[in-house]
Every structure is written in C-alpha cells, then in structure tokens.
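[1] Can you look at this prediction? I've put the sequence above it.
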Amino acid sequence: MWSIYLNVVLQGVLTGLVYGLMALGLSVIFGVVRVVNFAHGEFAVIAMYAAFILFKAFGLDPLIAAAPIALAFFAVGFVLQMALINSFVSRPEHEQFILLVGLAIVITNALLMIFGPDAQPTNLPYAFDSYLVGPLIIDKVRVYAATAAVVVSAALFAFFRHTRTGAAIRACADNLVGAAVVGLNVKRLYALTFGLGLACVGAAGASMVTIADATPSLGPAYTLLAFTIVIIGGLGSMSGALVGGVLIGVSEALAGFIIAPSMKSMFSFALLIAVLVLRPQGLMGKKRT
Amino acid sequence: MTPLLSVVDISKRFRGLVAVDKVSFTLAEGEIFAVIGPNGAGKTTLFNMIAGMLAPDEGTITFRGRQIDGMPADAVCRLGIGRTFQIVRPFPALSVEDNVTVGALLHRSDVGAARSYARDVLARLDLFDKRDVAASALTLPDRKRLEVARALATDPKLLLLDEVMAGLVPTETDRMVEILRGLNRDMGVTILLIEHVMRAVMALAGQVLVLHHGAAIAQAPPQNVVRDPKVIESYLGAEAAF
Amino acid sequence: MRALWGAMTPRGKVLLAVLVVALLAAPLAVNRYLLSVLTLTLYFVYVGQAWNLMMGYAGQLSLGHALYVGLGGYVAAALWVHFGIGPWLGVFPAVAVAAAFGAAIGWLGFRFGIEGVYFALLTIAFAEFTRIGFDHIAFTGGAGGLFLPYEEKRLGEWWNLRGGQDFFYYLAFALASGGVVIAALLSRARLGFQWLAIREDEIAARALGIDVFRAKMKAVLISSGMTAIGGVFYAFYNNSLFPAQVFDIGRSIELILAPIVGGLGTIFGPVIGALILTPLGEILIAATERLGIDAPGVKAVFYGLLLMIIISLVPNGVWPWIVRRFALVKHKP
C-alpha cells in the first residue's frame, strides 16, 4: 500500500519541481522588480504552445526546445519591462495588477482564438515509458522535465550567487535607493531580471507540455499556482520557490489521490490562506519591509 | 493641579539600540513645552510613544489621569491628543477642506457641521482661501499648516507638533509662531513641540527638555537651557548662548 | 442627496435627466436583444458600484468579488428551488451569507495586516476555494449546476422574480439606480470620509482618531452584501448557476472592468464604464460575426487591450476626464 503513496508523492515531487521553476521566475520578478506579474501563468502557456508547435512541425523534443524558447522569452521579458512595465513599477499596486491582468486576458484569448479551446496533447514517443526502481514506477517524462527544471534553476542560482550582475540585481532587491546611489543602472537591471524571470517561465512551460496538455484556460490557474508557491515558499527566496513548488506538487498529488482529483487545488488554496494569515513571509522568505 | 500629561521613566529600545532612555517630564494644562536635541536623540520616538504609534518598553504615560502607554494611535487621538508628522502626510487626492473635515468628523457626526468647523480651523491657519485646492498641489509651508489644521480639527487638548517649522523661511516661521500662540491662548490647546528652529523655541516655549542619545540632559525655561553647558556642548554650539 | 444635485452644473443636470429618461423609456424603443444588452449593462453598473465602494473608497483590492455574486445567487436560488421561499425573502439570507464570508475575509485580512497584493490573493483564494467546494455540494446541484424552473404560465409572478425581459430590465434599472444612490450617500457621509482617509493614508487616518479596522470591515460588509443582491438578480435572470462559471476569477475581473475604466472612487465612474464597455463588447461580437470571423475570445481580447490602454493613459478613469472636459460638476466630485 505504501508503495502507491510513495509513487504518488514522487510524482508530486517531480511535477512540483517544474512548478517550482515557473514560480522561481515569479519570485525573481516579484521579489526584485516588485511588479505583480498577473500574466505569469499565461506566459507559461505561451511557452507550452510554442513547444507544442515546434514538436509538431519539427519533431523537436520540448525539453530541447526549452532552450531557444527560454532565450526568446528572455528577450521578450527584457523588452516588455523596458518598454511598458518600467513605468508601472512606481505606480500603485492595483494599477500594475490591472495592466497585467489586461495582458493576461489578451494572451489567453488570443491563444483561444488561434488554437481553440481544446487541450492539445504533445505525443512524445517516450510518453508512456517509465523507470522501474523497486516498487516505484516513475514516468520518464516527469524525470526529464524535473531534471530540466533543476538544471535551469541551478543555472539561475549560480548566476545570482557568482556573477557581478547577479549581485547587482540582488542589491536592487535589497535596497533600491542604495543601488541607484552606487550607480547601478536600475532600469536595465530590472529589464534583465524580468527577462530572466520570463526565461524561467519559458523553460518551465516548455517542460510542462510533456506532462500536461496545452490549453488556453491553464493560464489563470498557473498564475495562481505560481503566486501560491511564491508566497508559501517565501518571497525573495529562490530555494523557497522550489521548495514551495515541491510542497504544492506533493500536496496536490496526495489530495487528489486521497480525497478526489477535482478537489486537489482546494488544499493549495487553503494552504495559501493559512500562510497569508499566519506566516506571510512564507517558509523561507524574509519579512517584506 | 494634576498635570495634563505625565511621562515617567519612558524607555524604548530597537534591537539593542537605546532610542529613549528613562525620560520623564510633566506638562501642565495650557503650557507650551518644547523638546530639542540633535538628530537621533530620540525626540520623534518619544512623540510616537505618546501618540500611540509605538509602545514603550518601560515606563508609563498618563494623560488626563488615564494611562495611555501602549494604546493604539486612534484611541489616543480620541482621548484628546492630536499630532502632526515630521514628514507631512496629507491626503493627496482630497481638497484642503476635505482633509480637515476628516479631522473634524472625529467628534462630530454631521458632515455639514464638521465642514463648517473645518472652515473655521482653516481660517485660523490662513488656509481658508485654499480650501478647494487639492492637498497634493500645496506648497510645503501650506502643507505644514494643513497638517496642523487637520490635527486641530480633532479638538485635541494636547497637540504634538513634530518639527512644523522645518523648511519655513523666517517670516513663515514667525507667522506659525503667532498662530500657535493664538491657539494656546484662545483655544486653550496645550502644545508639545519638537523643534530644531531655536527662534521658534525661544518665542514659544515655557519649558524646554533637551534630549541627547535618548536621555534627558536638561529641562528648564528656554533662556536657561541655552546657557546650560551640557546643552551647548551636545547640541547648540557656543553661538546659541547669545 | 441635495448636496450632490447642487454640485452639478446645469449642463450636468440636464445630461443626467436625459440619461434617466432614456433608460426608463428604453423598453418602448429598442428591440429585445438590445434590451438584454442594456439589462446586462445595468447589472454591471450595480455590481461595479458595489465593488467600487470597497476599492475606490476604502482602497481594499478585492479580486474575488464573484464569490459574493455566487453566494447570493446560490442561497436565494436554493431556498426557492428546494423550499419554495421567494427571492424577496431569500435575499436576506443571501446577503447574510455573503456578508459573513466578507466579514471572514475582512477579519483575516485586516486583523493580520494583509494588504495590497496579498489581500487581493486572499480574496482570490477564497473565491477559488468556494468554487471548487460548490462543485461538491449536492444540495446546490454540484458541478452540474442548479436550475431554476422556468414556466411560461408563471410569468408575471413578480414575487418569484418570474418575468419577461422588460421586467428584468426595470429591476436592473432599479438596482443600478439604488447602487448609485447608496454610493452617493455613503461617499458624502462620515463613513465615506473615513474610507477616503484610509485609502489615502492609513497611518494619518489613524492619527486622526479613525478606527481603521471598523471602517474597513464596514466597507467589506456593505460591498459584499450589495454584491449578493446582484447575485440574486443574476440567478433569477439566468435561471441557472454553475460553480465553474459564477465563481470564476474571470467573473471577478469582469465586474471590476467598468469601475476601473469609468473611474475608481467616483459615483458615476461605474455607470460610465459599464455604459461604454458592455455595448462596445456586444458591438464587437456582432461585427466579427457579420464579417464571418468565428473568433471566440475576440471580445475578451478587446477588453484586455482596453484595460491596458486605459490604465496606462487614463488611470483615474474616463469619467473624471469627461467631467473636466465637459464641465459637468462645479467642484471636484
């Protein structure tokens, strides 16, 4: 019996890592640029469709397509921040919300118009293969996707820890005025950060398409998921995003298994409410000043 | 006569840094009392504890016979203490009149009555002509006046003024001194003020308390305080003695 | 009310009178389809106004307001379907339930200092949680939906809110007018001033003796209660309720479009916003159909773009601009 639970948990962990990568993008954007990116999930869905198209047209494996997609998303994020979002950084939060909600609506419905409402599966040749490790049956797709997520996350961690630009970005997050005073080009750094955040989303979305079917309506759900993970894991903590992602992945898997698949998100929302009330800095975050 | 305000051995620490160190003083009704000292001396922290924005770590604050330390800011205001902020906080989108009406509504439930009282207060503060201007469009001196008017509209028995003279040119300072004296004399408002502008302190205050590194180093009428060697050394400099 | 009337210029008064007369006479002049569009518009005026009280005046961003629409609708509808309790009575428990949820959200948010984004997310979490929850409540039909029986012979039973398009149109008009009146009264009352103070600067508001927690709670209670009444209307007008639809975050966003486009914190903002958005949306759909483009989602793309444009260029909404441009009010509204 426990082997079933173990399988469920493991599945949750692997899926959760991909969620975590998506949330990592939001943690970086929200934590540094302090913009409420309410179109976050919608961007992930664009990435899903991009990977789906590349697979259909060129037979390109989504996990490989993740690289160019991430790059493209980096460029998009950079430009978007510079051209549009930068002017909203100092504006009241509700105005940021509305701008990005508008963008989210445009994206979701444009996708709807182009691809239609039905789910588009990506039929990978190895979609049904699995690794057998003792009592565990692990889907290969999930392992690959999770690995991709971990690799991208590690790259991002390394960037922030070991490069000057990464340190500069972290400085902006900690103390904006101080950063400007020491001569950091905040606008450019913001654009870089937004680009990096969207690159994560791009990679996550491309990976996600191996385990979920591309559907326009996933956008809002993923946005909420990303915010839930970021808040539970802790704003400003990159490892928190991954930990939160795994936590949500596992709890959703377990809730879906034990209670009912349709109720699995309820648990996540209840957890979000609890964290907002009791420990808003999340599991690993710093208190927001 | 029981004092209006009684502060006894008030202390506040911020993570190891002592901001206010066992400060005590009393205020009689009708007094004008000034608190001076270098930046970082703990003056605003002291104010914030009296006004209810911070709770003291030690000591008590008694106002009109009631212990108010630890009470929230709105409760303290309802009891009769009004305050201004060092960095003014107008309601930017509201008109000058509406700003003050908010204050007047504390003890008046009818909006019409509150408005007309607000107008009276604005007249006292030389702001009647600008009553329809949006607060965000005001100059700094006018914002300071608005800050005072708004607090005054709550019918305070004690008015806490945090550096209201900062940024004013001497003529504006003199006018503000005149207004405050008028408030004290005609409306019986007791005033506790934090000030750096010594001109105003000398003109207004009956008693001056000097803070340095959170502790009280002198308390005396202004002309004596400026001659106190400890005060000269820590804050005023030798020229102020003249 | 006299103060509001007095604050308008003659031009403004005339325009308002013309608008009211036009709306009252609409059923005589327009066809059934247009009347249904107008009914929908007036519904959005009402719920937008209710949301505007909480956001535009008290400054608390709720992105889960569909929760109250759904709760109001489901409570009144279930009471009618299962117990035959008419909606004019059922509206009271409907409002009570919605206000209770609002109170819970408000208490959690305000007591624990949850603000801005976090508060908005709290409201979304509650709405989503309830949406999924209702999928599993058999009493209200679960995911399959709750259906209100519609019988021709019962048309005219106004006490059961059974009526034709005209009936619902006038009902929507009454709601919308009521909403405007309530907003006008509150905005000029003591509570309205307290809300504005809190919205502008909560700390300064506290320093002026305002009990911020109580004022915010009143905002949530009034807003959620009012919205619930809109939910009752919605349920009996559409005759069916599905959790996935009525509690959906898309609905929450839909009902905030009008007040934002029109102007937050103004009395006529939600009116103008709805009058612009709803008919425009329908025109767009009709135009694309006429052109032979089958594009579900065109209307939404348009709304999305409009939102982005409005918030970038006229963040305070269209109404303040109109007021200034056409000199409709003597002082600032």
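    Looks like it came in fine.

[2] can we go C-alpha only for contacts and neighbour counts from here?
    Noted.

[3] Look through chain B and state the residue closest to chain C.
    Proximity of chain B to chain C (Cα to the nearest Cα) peaks at residue B:74, 3.9 Å away.

[4] which ones are touching the nearest residue to that residue once chain neighbours are set aside?
    What sits nearest to residue B:74 in space, not counting adjacent residues and going by Cα to Cα, 6 or more residues apart in numbering or on different chains, is residue C:209, at 3.9 Å. Residue C:209 makes contact with B:73, B:74, B:75, B:76, B:77, B:78, B:103, B:106, B:154 under the criterion Cα atoms under 8 Å, 6 or more residues apart in numbering or on different chains.

[5] ok, back up a step: contact partners for the residue of chain B closest to chain C?
    Taking Cα under 8 Å, 6+ apart as the test, what residue B:74 contacts is B:52, C:206, C:207, C:208, C:209, C:210, C:211.

[6] Quick check: the third one touching residue B:83?
    Read it as residue C:207. Yes. Look at residue C:207 against residue B:83 with Cα atoms under 8 Å: they come within range, at 6.8 Å.

[7] would residue B:20 count as being in a helix?
    No. Per DSSP: H, G, I helix; E, B strand; the rest coil, residue B:20 lies outside any helix segment and is strand.

[8] In the stretch 101-250 of chain A, where is pLDDT below threshold?
    Along the stretch 101-250 of chain A, segments meeting pLDDT under 70 span A:176.

[9] And for residue 213, nearest residue in space, chain neighbours not counted?
    All of this is about chain A. For residue A:213, ignoring the flanking residues on the chain, the nearest one in space by Cα to Cα, 6+ apart is residue A:121 at 4.4 Å.

[10] that's the wrong chain, I meant chain C
    Using Cα to Cα, 6+ apart and skipping residues adjacent in sequence, the residue nearest residue C:213 is residue C:110, 6.3 Å away.

[11] Tell me if I'm right that the one you found and residue C:215 touch.
    No. Assessed by Cα under 8 Å, residue C:110 is found out of contact with residue C:215, at 10.4 Å.

[12] Strands of the stretch 1-150 of chain A, residue ranges please.
    A:130-133, A:136-139 (DSSP state E, counting those that start in this stretch).

[13] tell me the secondary structure for residue B:53?
    coil.

[14] Do you know the pLDDT at it?
    Predicted confidence (pLDDT) for residue B:53: 93.

[15] wait, what's in contact with it?
    So residue B:53 contacts B:72, B:73 (Cα under 8 Å, 6+ apart).

[16] Quick check: it vs residue C:204, distance?
    As judged by Cα to Cα, to the nearest Å, residue B:53 and residue C:204 stand 11 Å apart.

[17] Kindly export the top helix by length along chain B (C-alpha atoms) in CSV.
    The helix that spans the most residues within chain B, counting by DSSP state H, is helix B:170-186. Extracted in CSV, the C-alpha atoms of helix B:170-186 (Å, rounded to 0.1, in the frame of the first residue of the first chain):
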residue,chain,number,x,y,z
PRO,B,170,11.7,83.3,8.9
THR,B,171,8.6,85.2,8.0
GLU,B,172,6.6,82.0,7.7
THR,B,173,8.1,80.8,11.0
ASP,B,174,7.0,83.9,12.8
ARG,B,175,3.5,83.6,11.4
MET,B,176,3.3,80.0,12.6
VAL,B,177,4.6,81.0,16.0
GLU,B,178,1.8,83.7,16.1
ILE,B,179,-0.8,81.1,15.1
LEU,B,180,0.4,78.6,17.7
ARG,B,181,0.4,81.2,20.4
GLY,B,182,-3.1,82.1,19.4
LEU,B,183,-4.2,78.5,19.6
ASN,B,184,-2.7,78.2,23.0
ARG,B,185,-4.1,81.4,24.3
ASP,B,186,-7.6,81.4,22.8
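
[18] for it, which positions count as buried?
    Applying a neighbour-count criterion of 16 or more other Cα atoms under 10 Å in any protein chain shown, one finds B:173, B:174, B:176, B:177, B:179, B:180, B:181, B:183, B:184 buried in helix B:170-186.

[19] Sweet, I'm off.
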